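Asker: output the structure for:
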Amino acid sequence: MPSIARATVAALAVLTLAAARGEEPARPAPSGVIPPYACLNQKERRAATESGKLVHLAAAIHAAKKRMPGTVVRARLCRSGEGFVYVLTVLARDGKVARLTVDAVKGTLLGQR
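Answerer: Residues are numbered from 1 along each chain as shown. Model (predicted):
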């Protein structure tokens with residue numbers, strides 16, 4: 001049996017055993033982790049921005065550059081549990097790359113990774 005199949009079977013066995021005991025499986029701590037977002041396609045982005053409820057991308061970039069001066073190399077509008085966020089990939093002047101998350105409604109910086 002290939003190692004991936006063995007790992008999958010082992011993980012399923014652990015989850016099944018935990019469920020049989022009435023336990024919830026251990027989850028990683030959410031501290032400092034930026035959750036995955038469902039990013040919008042072009043049609044969805046247009047509809048969301050035309051609603052007038054979101055700050056402009058330029059305002060989100062301005063908020064991100066306050067935290068990390070550099071060049072924004074990628075910008076995405078995504079859904080999060082609370083609403084919409086801009087996920088910005090920034091290339092800093094020192095060569096480091098970071099992903100900054102900006103609340104698309106308030107324009108405030110939410111996190112950095």
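
Asker: only C-alpha atoms from now on, for both contacts and neighbour counts.
Answerer: Will do.

Asker: the closest residue to G111 other than its chain neighbours in helix, strand or coil?
Answerer: By the measure of Cα to Cα, 6 or more residues apart in numbering, the closest residue to G111 outside its immediate chain neighbours is T101, 5.2 Å from it. Classification of T101 by DSSP: H, G, I helix; E, B strand; the rest coil places it in strand.

Asker: do I have it right that T101 meets V90?
Answerer: No: under the contact definition of Cα atoms under 8 Å, T101 does not touch V90, with a separation of 10.6 Å.

Asker: so in terms of bridging, what pairs with the residue nearest to G111?
Answerer: According to DSSP bridges, V87, G111 are recorded as the beta-bridge partners of T101.

Asker: pick out whichever of T101 and V90 has more residues nearby.
Answerer: More neighbours sit around T101 than around the other of T101 and V90, counting by other Cα atoms under 10 Å; the figures are 26 against 23.

Asker: list the buried residues for stretch 103-113?
Answerer: Of all the residues in stretch 103-113, those buried under the rule 16 or more other Cα atoms under 10 Å are D103, A104, V105, G107, T108, L109, Q112.
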